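A.B. asks: Pasting the sequence and the predicted model now:
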Amino acid sequence: MSTTTNTKQRANVFATIWGWIRQVPPVYFIFFVVVIGVSQLNPNFATTNGILAFIRRVAPLTIMAMGQLMVIASGGFDLSQGSVVTLSIIGSLLIIYNNDENTALAIFVVLGLGILIGVINGFVVAYLKVPSLIATLGMLLLVQGGGLYWTGGGPKGYFTDNYRFIGRGYIENVPVIGKFPVSGIILIVITLILYILFHRTNLGKQILAIGDNQRAAKLSGVKVRMIRITAFIISAITAVIAGIMIGGYGGVSIEAGEGMEMQSVSATVIGGALLLGGKGSIPDVFFGALTLEAMFMLLNLLGLPKPYRDAVQGLIIIGAVAYAALSSRKRE
């Protein structure tokens, strides 16, 4: 009798543990496995310096992905993010014009441009009823062309030290770890702000409601058009911030943001967001971006060329679309 009781108790314990495991989003397990793989191939990755270098490198993509979540959770896409990154870099360069006193002005101007692009994207989608995929693809081409015209085909000059500090700098004399990247601090601040907006205010609830059922959200009093515009503005602002960080870290390039919009979509999908909208989490997308960057590192360590990286992103997006479609059918 006691043996049967003990067996049932063990079964209950295992069932409880399995229930807890099933509640954990898959992205955390994937991240753990990929990090172990990278650490095995590159032991320096697991050191303090390796982790801090990884944080500095992944910070722009993570910020962009969390901004992309705002649009995807509402049932849309923002394919203009990559071009906004490039515009932020070349715009900052031209405004600074080798004068460190112009750095603050440059940051404010490119942030203003980002807000304007977000408003236009949101207006076209919300008021003109153009699908977000088409609207933001058009904006991508428009911003790319405008940026090239602004620079005359090739940016000239260099970024000043105070601008580069945003992407390359460290805060010294940090207890325990010694120094911490400025980009990591920006990442933490932006993550906290977006977490509060998405999970602790009505904005996040309304974004998810629109993505889940726009008609029902409108009938319940949600200002669908304004929320959609707000989502695109946030997405554009995060792209500008990412562009400033990338420019500060890597310097001037008219191709700096190329393909980053697809990386942010991939990271958002890995983080569990539904491409049809209505589901998403800032912490999960945060780790989605970290996982994607760690995957890229793993592919590089395995000696696989860039096309494999693009193929991985394609498989992720196709799988996410298929999963969303199957989930939608099950609901019906």
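C.D. replies: Perfect, thanks for sending it.

A.B. asks: can you tell me how far residue 283 sits from residue 225?
C.D. replies: When CB to CB, to the nearest Å is the yardstick, residue 283 and residue 225 sit 29 Å from each other. Glycine gets a C-beta too; all of them are placed from N, C-alpha and C.

A.B. asks: residue nearest the centroid of the chain?
C.D. replies: The residue at the geometric middle of the chain, judged as the C-alpha nearest the mean C-alpha position with CA atoms, centre = their mean, is residue 65 (1.1 Å).

A.B. asks: Tell me the secondary structure at that residue.
C.D. replies: helix (DSSP: H, G, I helix; E, B strand; the rest coil).

A.B. asks: got the contact list for the residue nearest to it when sequence neighbours are not counted?
C.D. replies: With CB to CB, 6 or more residues apart in numbering as the criterion, residue 65 has its nearest non-adjacent residue at 3.8 Å, and that residue is residue 267. The contact partners of residue 267, taken as CB atoms under 8 Å, 6 or more residues apart in numbering, are 61-62, 64-65, 68, 285, 288-289, 291-292.

A.B. asks: Try it again at 6 Å.
C.D. replies: With contacts taken as CB atoms under 6 Å, 6 or more residues apart in numbering, residue 267 has the following neighbours: 65, 288-289, 292.

A.B. asks: Show me which of the residues you listed is closest to residue 23.
C.D. replies: Distance from residue 23 was checked for each of the contacts of residue 267 by CB to CB. The minimum falls on residue 288, at 17.4 Å.

A.B. asks: wouldn't the closest one be in contact with residue 271 here?
C.D. replies: Yes: in terms of CB atoms under 6 Å, residue 288 counts as a neighbour of residue 271; the distance is 2.8 Å.

A.B. asks: Pull up the overlap in contacts between these two.
C.D. replies: Between them, residue 288 and residue 271 share the neighbouring residues residue 27, with contact defined by CB under 6 Å, 6+ apart.

A.B. asks: residue ranges of the helices in this protein, please?
C.D. replies: Secondary structure of the chain (DSSP state H): helices at 2-23, 26-41, 48-73, 81-96, 103-126, 132-151, 161-168, 182-199, 202-212, 214-219, 224-250, 260-270, 282-301, 306-331.

A.B. asks: can you pull the buried residues of the longest one?
C.D. replies: Neighbour-count burial for helix 224-250 flags 224, 227-250 (criterion: 16 or more other CB atoms under 10 Å).

A.B. asks: got a pLDDT number for residue 277?
C.D. replies: Residue 277 carries a pLDDT score of 86 in this model.

A.B. asks: Now do the contacts for it.
C.D. replies: Contacts of residue 277 were listed using CB under 6 Å, 6+ apart, and they are 73-75, 211.

A.B. asks: at 7 Å what do you get?
C.D. replies: With contact set as CB atoms under 7 Å, 6 or more residues apart in numbering, residue 277 has these partners: 72-75, 211-212.

A.B. asks: Who are the contact partners of the residue nearest to residue 85 when sequence neighbours are not counted?
C.D. replies: Nearest in space to residue 85, with sequence neighbours left out and distances taken as CB to CB, 6+ apart, is residue 257 at 3.0 Å. Residue 257 makes contact with 82-86, 243 under the criterion CB under 7 Å, 6+ apart.

A.B. asks: Go again with 6 Å.
C.D. replies: With contacts defined as CB under 6 Å, 6+ apart, residue 257 is in contact with 82, 85-86.

A.B. asks: can I get these in JSON lines with distance to residue 192 and pLDDT?
C.D. replies: Conversion of these to JSON lines gives the following (distance: CB to CB, whole Å; pLDDT from 0 to 100):
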{"residue": "82", "distance to residue 192": "25", "pLDDT": "93"}
{"residue": "85", "distance to residue 192": "22", "pLDDT": "95"}
{"residue": "86", "distance to residue 192": "27", "pLDDT": "91"}
